[in-house]
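Chemist: Here's my sequence, what's the structure:
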Amino acid sequence: MEKKRDPHSPFSDAVEAAEVPLEISEVGMAQIDTIRRLNTEIFDDPSVIKTFERDDLLMLLARIAETAVGFKVGYQLDEATFYSAKGGVHPSHRRNGIARALLYAMLAIVERRGYERFVYDTFPNKHPGMTVLGLNEGFDVVRAGYSPQYQDYRLRFEWTFDDAGG
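Modeler: Reported below is the predicted structural model:
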């Protein structure tokens, strides 16, 4: 399958993936309450990730007309790999390309930071959209297995940046 994402597109092109006027910005801990609120509205869970004390923590917030509608949080897994730990789009704003725009934005930043790989895990029975998005965008499935903790199958998707020899 052909990779649809242009790995050399600038960060500002990420918002063009959305079908609505969208602003994506990198945010710090000052916006954590907004991200927690969105996480609760999307996943019915106030816990975003276990800890924000991570190397190279990256948090993105998507807004439409000053209203927060989505987020994406990730961090360094190892020197070569960046892990997208969590993200979501408010149910009332889904099917507008916002998740794709957040993914593109995070990929652009991560590539500029010099990582070789970008990975994320998803649970296809709980979040089929992220499975479809990963497959449609040309990500490779590099791991699959059952997670007793989440009582669901988990897939790991990986993107290898071209400059890293992938």
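Chemist: for this protein, what's the longest strand?
Modeler: Of all segments of type strand in the chain, defined using DSSP state E, the longest is strand 67-78.
Chemist: Work out the sheet partners of that one and label each with its direction, please.
Modeler: strand 58-64 (antiparallel), strand 81-89 (antiparallel) (DSSP bridges).
Chemist: how distant is the next helix or strand after the longest one from the center of its chain?
Modeler: The one in question is strand 81-89. Where DSSP states H and E defines the elements, the next helix or strand beyond strand 81-89 is helix 98-112. How far helix 98-112 lies from its chain's middle: 7 Å, per CA atoms, centre = their mean, to the nearest Å.
Chemist: Where does pLDDT dip in this structure?
Modeler: Low-confidence segments of the chain (pLDDT under 70): 1-15, 163-166.
Chemist: Spit out the contact partners of the residue in the chain sticking out farthest from the centre.
Modeler: Note on the chain: the largest separation between a C-alpha and the mean C-alpha position, by CA atoms, centre = their mean, falls on Pro148 (23.2 Å). By CB atoms under 8 Å, 6 or more residues apart in numbering, Pro148 lies in contact with nothing. In this view, the C-beta of every residue, glycine as well, is placed from N, C-alpha and C.
Chemist: separation between it and Phe43?
Modeler: Remark: distance between Pro148 and Phe43 (CB to CB, to the nearest Å) = 19 Å.
Chemist: quick one, what contacts the residue nearest to His90 when sequence neighbours are not counted?
Modeler: The shortest distance from His90 to any non-neighbouring residue, by CB to CB, 6 or more residues apart in numbering, is to Val69 (5.0 Å). By CB under 8 Å, 6+ apart, the contact set of Val69 is 22, 38, 62-63, 89-90, 93, 98.
Chemist: how about stretch 34-51: buried residues?
Modeler: 35, 38-39, 42, 48-49 (16 or more other CB atoms under 10 Å).
Chemist: Quick check: strands, which of these are part of them?
Modeler: With strands defined by DSSP E, no entry of these lies inside them.
Chemist: mind listing which of those are in helices?
Modeler: If you go by DSSP state H, the buried residues of stretch 34-51 have 35, 38-39, 42 in helices.
Chemist: Distance to Trp159 added to the residues you listed, as a markdown table?
Modeler: As requested, those are exported to a markdown table (distance: CB to CB, whole Å):
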| residue | distance to Trp159 |
| --- | --- |
| Ile35 | 23 |
| Leu38 | 24 |
| Asn39 | 24 |
| Ile42 | 23 |
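Chemist: I'm done for today, thanks for sticking with me.
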